[in-house]
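[1] Next input, structure requested:
(chains A, B, C and D)
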There are 2 protein chains.
Amino acid sequence: MTIHHHPGKERIDAVRAFNRFYTRQIGLLDEGLLKSTFSLTEARVLYELAHRDGLTATDLARDLGLDAGYLSRLLKKFEGRDLVERATIEADARRSSIALTQAGQQAFAPLNQGSHDQVTALLDRLSVPEQDRLVKAMQTVQRLLGGSAEPKIPYMLRPLQVGDIGWIIHRQGLLYAQEYGWDESYEALVAEILGAFVKSFDPKWERSWIVEREGEVVGSVFVVHQSDEVAKLRLLYVEPSARGLGIGKRLVEECVGFCRAKGYRTLTLWTNDVLTSARRIYEAAGFKLADEERHHSFGKDLVGQNWNLEL
Amino acid sequence: MTIHHHPGKERIDAVRAFNRFYTRQIGLLDEGLLKSTFSLTEARVLYELAHRDGLTATDLARDLGLDAGYLSRLLKKFEGRDLVERATIEADARRSSIALTQAGQQAFAPLNQGSHDQVTALLDRLSVPEQDRLVKAMQTVQRLLGGSAEPKIPYMLRPLQVGDIGWIIHRQGLLYAQEYGWDESYEALVAEILGAFVKSFDPKWERSWIVEREGEVVGSVFVVHQSDEVAKLRLLYVEPSARGLGIGKRLVEECVGFCRAKGYRTLTLWTNDVLTSARRIYEAAGFKLADEERHHSFGKDLVGQNWNLEL
DNA sequence: ACATATACTTGACTAAGTCAACTAAATGGC
DNA sequence: GCCATTTAGTTGACTTAGTCAAGTATATGT
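    Numbers count the residues shown, from 1 in each chain, chains lettered A, B, ... in the order given. Model prediction:
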């Protein structure tokens, strides 16, 4: 659903530079560990065995990218030294699940400690905020490359938290500047709307929905009280990276449901005709175009539209 | 200058998980390239030679983490196949600078293309915003681990851009919530102030400064017009990660200089007594405490202060 | 029941990397 | 200016790590 484009040259070069950099980085870390009696590959195998249960030889070969024959011999050696033991799986006599023995765990401990200490030393050179940034960045890389397919929970709705409105202002400002060339006055408008929303928030008549996905805010919408009959839907937005998941539709549905429950008669909203995908959502939800007017805002000539939904 | 602490267990585990993940990732990428006539190490050597000039054998061994003897033989083989040539350095007869020949460059080209294509394929699976996040995250990791010491330009001041005010609202909201336990009404206040600032911005009397460091906004300050005699300094802030660089002091100096140049008589500001490090900056700049008053705001009992500087 | 696929093993092999001993030139101390 | 020490690079002898193909035993699909 997401639109894919050809990556730019700078991006490709940056990724390649990172690969080279990290190849070296891993090389450095490995050097330190090679003082032990285990080779790097052996250490990797031990690590997997120490941290996961019920592994078979095939699992190990696949996950570590090892040759089956090589691994077979390696495991035989471990078995000979009583570091691992195999238990045949009842359901399949070809396979056996491999586990560290007590001795194997003891042999692995110093190795594990060594790697732990190395990483500690690495992190110790950084300040705490830097450590946080490092870990966050690594997790981002891992998540994006891990190709963890779609996350199990594609997204979740939650109420407003501190930091959200600033983030939404930031993202909306940038997004509409990039996509439609709007100037900074749009961002300022969003800031004023949201500042006022929080300041005069009335839980009896008003509500906000924040969409979070893998820890990131990817969408939001607000319902504000205009009169006891009329509510206004404001600032519907979905991050480009999260489009196609039905988030926009879901947010509008939440608004409509909320307004019905609160006894509003009309849900109104203002938008601009250039925002075509938003319009499709409003139409699908049953909104009717009430009126249009040309205006010059955000550095552009636009056509503003008021849409209403009778509840 | 930065304070260092012992990294937490989760952070260490996250880094180790990333190392294991990326070891595998690099393994996968390398597999693809091993179809060529060159081994992985040979390819790495060729890459370095193709991208950097005046390398000596020692440079290569150090930067790629190779054994000197192994590299020596490897280079001899390349030389025999006319892929590289060595030129003795005049200043030091022991060393020679190694470079790819025309043939070497030709031999490297398909290898380079292969790696390029692989990375392209990798990136192609992601949407453009995801690609951007990936590249940014990789650069962050590289910068933090590369130990590139302090950046050459510790920070730079620039005018406001689209996205800045949202970002500042976001960060200030989070920061004051974390450090002082203030609630979301502070973030809302910042949003209102900045929304109004942009909306009614008067370049003749007003100005903003954004501090950028390695592509990130790490501080800001605003001067707003109250009357032709009185200017107000608002929303001075510096990211914790960028403290200790004199950014706060510099920002206040910029404000004072601007106000003097514009002919203001007084520069005033409002702050709270809990913000001690800010107060020190104001005192150092010559501000005098005009009055104090208790108030309950942002979910806390606070003491508000007005400070003035006669220009 | 029979062709095909999967899980692992084994033998024969090669590539990749290490280690120590060596030469030749440069550097530092006095 | 001489000599001990260091650095750059080379070479021989060696080990380790990994590959490839052929094999056995079991499971799976039709």
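
[2] from here on, contacts and neighbour counts on C-alpha atoms
    OK.

[3] Can you check the pLDDT for the residue positioned nearest the centre of chain A?
    Centroid-nearest residue in chain A, with Cα atoms, centre = their mean: A:E214, separated by 3.5 Å. Per-residue pLDDT puts A:E214 at 74.

[4] go on, A:G147?
    The model reports A:G147 with a pLDDT of 64.

[5] before we move on, what about A:K152?
    According to the model, A:K152 scores 57 on pLDDT.

[6] mind listing what's buried in the biggest helix by length in chain A?
    Looking across chain A with DSSP state H, the single longest helix is helix A:9-33. Buried residues in helix A:9-33, counting neighbours by 16 or more other Cα atoms under 10 Å in any protein chain shown, are found at A:11-12, A:14-16, A:18-23, A:25, A:29-30, A:33.

[7] got it, and stretch A:57-68?
    A:57-58, A:60-61, A:64, A:66.

[8] Could you show which parts of the stretch 151-300 of chain A are in contact with chain B?
    Residues of the stretch 151-300 of chain A that fall close to chain B, judged by Cα under 8 Å from any Cα of the partner chain: A:161-174, A:177, A:183-185, A:187-192, A:194-196, A:198-199, A:240-241.

[9] buried subset of those?
    Buried among these (16+ other Cα under 10 Å): A:162-174, A:177, A:183-185, A:187-192, A:194-196, A:198-199, A:240.

[10] and DNA strand C, which of the residues of the stretch 151-300 of chain A next to chain B contact it?
    Subset of those in contact with DNA strand C: empty, counting by Cα under 7 Å from any atom of the strand.

[11] Identify those among those residues that sit within helices.
    A:164-174, A:177, A:184-185, A:187-192, A:194-196, A:198-199.

[12] which of those come close to DNA strand D?
    Within these, nothing lies near DNA strand D by Cα under 7 Å from any atom of the strand.

[13] ok, of the buried residues of stretch A:57-68, which one's closest to A:E229?
    Set against A:E229, the nearest of those by Cα to Cα is A:L64 (63.0 Å).

[14] ok, the closest one touching B:I26?
    No - at 11.2 Å, A:L64 and B:I26 do not qualify as touching, with contact defined as Cα atoms under 8 Å.

[15] Tell me the residues that contact both of the two, please.
    Shared contacts of A:L64 and B:I26, defined by Cα atoms under 8 Å, 6 or more residues apart in numbering or on different chains, are absent.

[16] A:R24: what's its closest spatial neighbour, skipping adjacent residues?
    In this structure, A:R24 finds its nearest non-sequential neighbour in B:L64, 6.4 Å apart by Cα to Cα, 6 or more residues apart in numbering or on different chains.

[17] what do you get for A:N112?
    Counting by Cα to Cα, 6+ apart, the residue nearest A:N112 is A:Y47, at 7.7 Å.

[18] would you say the one you found is within a helix?
    Yes - under DSSP: H, G, I helix; E, B strand; the rest coil, A:Y47 falls within a helix.

[19] I'd like to know which elements the helix or strand harbouring A:S72 is packed against.
    In this structure, A:S72 is located in helix A:68-80 according to DSSP states H and E. Packing partners of helix A:68-80 (3 or more Cα pairs under 8 Å, 6 or more residues apart in numbering or on different chains; DSSP states H and E): helix A:57-64, strand A:84-89.

[20] Just want the angle from it to strand A:84-89.
    Going by axes from the mean of the first three to the mean of the last three Cα atoms, to 10 degrees, helix A:68-80 is angled at 110 degrees with respect to strand A:84-89.

[21] quick one: the strands in the stretch 101-250 of chain A?
    Counting by DSSP state E, counting those that start in this stretch, the stretch 101-250 of chain A has strands at residues A:156-158, A:207-213, A:216-225, A:230-238.

[22] would CSV of those strands with mean neighbour count be doable?
    Formatted as CSV, the strands of the stretch 101-250 of chain A follow (neighbours: other Cα atoms under 10 Å in any protein chain shown):
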stretch, mean neighbour count
strand A:156-158, 15
strand A:207-213, 20
strand A:216-225, 22
strand A:230-238, 22
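
[23] Export those strands as a markdown table, with columns for distance to A:G304.
    Converted to a markdown table, the strands of the stretch 101-250 of chain A look like this (distance: least, Cα to Cα, whole Å):
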| stretch | distance to A:G304 |
| --- | --- |
| strand A:156-158 | 29 |
| strand A:207-213 | 23 |
| strand A:216-225 | 19 |
| strand A:230-238 | 14 |
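
[24] Show me the shaky parts of the stretch 1-150 of chain A.
    A:1-7, A:33-36, A:147-150 (pLDDT under 70).

[25] again, 80 this time
    Scanning the stretch 1-150 of chain A for pLDDT under 80 picks out A:1-8, A:30-37, A:127-129, A:146-150.

[26] Could you list the residues of it in contact with DNA strand C?
    So far as Cα under 7 Å from any atom of the strand goes, the stretch 1-150 of chain A lies against DNA strand C at A:56-59, A:68-70, A:72-73, A:75-76, A:94-97.

[27] residue of the stretch 101-250 of chain A with the smallest distance to DNA strand D?
    Going by Cα to the nearest atom of the strand, DNA strand D is nearest to A:L111 of the stretch 101-250 of chain A, at 14.2 Å.
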